[in-house]
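Colleague: no sequence for this one, just the structure:
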């Protein structure tokens with residue numbers, strides 16, 4: 001993500017865990033989600049939180065394929 005989105009990542013990090021790293025040689029940040037938080041895989045929690053809230057057409061198709069692979073209903 002762009003450095004301009006650092007505030008958004010700072011809001012997400014306490015809720016889901018993970019880490020935020022600066023990408024060397026680029027004006028960008030990387031958010032890495034760790035495997036588990038409180039016994040629930042973090043990526044499943046992330047998918048459930050964003051499911052139904054994605055509006056950009058280029059992001060909907062990848063979300064749909066992830067949901068189909070994980071047997072999650074698409075909202």
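Modeller: Yes, it's here. Treat the numbers as computed from the prediction; the structure is a model and nothing was measured.
Colleague: who does the one helix or strand residue 64 maps to touch, helix- and strand-wise?
Modeller: Assigned by DSSP states H and E, residue 64 belongs to helix 57-69. Applying 3 or more Cβ pairs under 8 Å, 6 or more residues apart in numbering; DSSP states H and E, one finds that helix 57-69 makes contact with helix 42-50. Bear in mind the C-beta positions are built from the backbone N, C-alpha and C, glycine included.
Colleague: Just checking the distance from the helix it packs on to the centre of its chain.
Modeller: Put simply, helix 42-50 sits 7 Å off its chain's centre (Cα atoms, centre = their mean, to the nearest Å).
Colleague: what does stretch 68-75 give?
Modeller: Centroid separation for stretch 68-75 versus its chain: 16 Å, with Cα atoms, centre = their mean.
Colleague: Could you pull up the mean pLDDT of that stretch?
Modeller: For stretch 68-75, the mean pLDDT works out to 89.
Colleague: how long is that stretch end to end?
Modeller: 12 Å (Cα to Cα, to the nearest Å).
Colleague: List the contacts of it.
Modeller: Stretch 68-75 has contacts (Cβ atoms under 8 Å, 6 or more residues apart in numbering) with 44, 47, 48, 51, 52, 63, 64, 66, 67.
Colleague: Buried subset of these as a ChimeraX selection?
Modeller: In ChimeraX, selecting the buried portion of the contacts of stretch 68-75, with burial taken from 16 or more other Cβ atoms under 10 Å, looks like this:
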select :51,63,67
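Colleague: For residue 27, give its distance to residue 2.
Modeller: Separation of residue 27 from residue 2 (Cβ to Cβ, to the nearest Å): 7 Å.
Colleague: Wait, residue 17 touches residue 42, no?
Modeller: Yes - between residue 17 and residue 42 there is a contact under Cβ atoms under 8 Å: 5.9 Å.
Colleague: shared neighbours, these two?
Modeller: Contacts common to residue 17 and residue 42, judged by Cβ under 8 Å, 6+ apart, are 33, 34.
Colleague: For the residue most central in space within the chain, list the residues it contacts.
Modeller: By Cα atoms, centre = their mean, the chain has its centre lying nearest to residue 46, at 5.6 Å. Residue 46 is in contact with 16, 33, counting by Cβ under 8 Å, 6+ apart.
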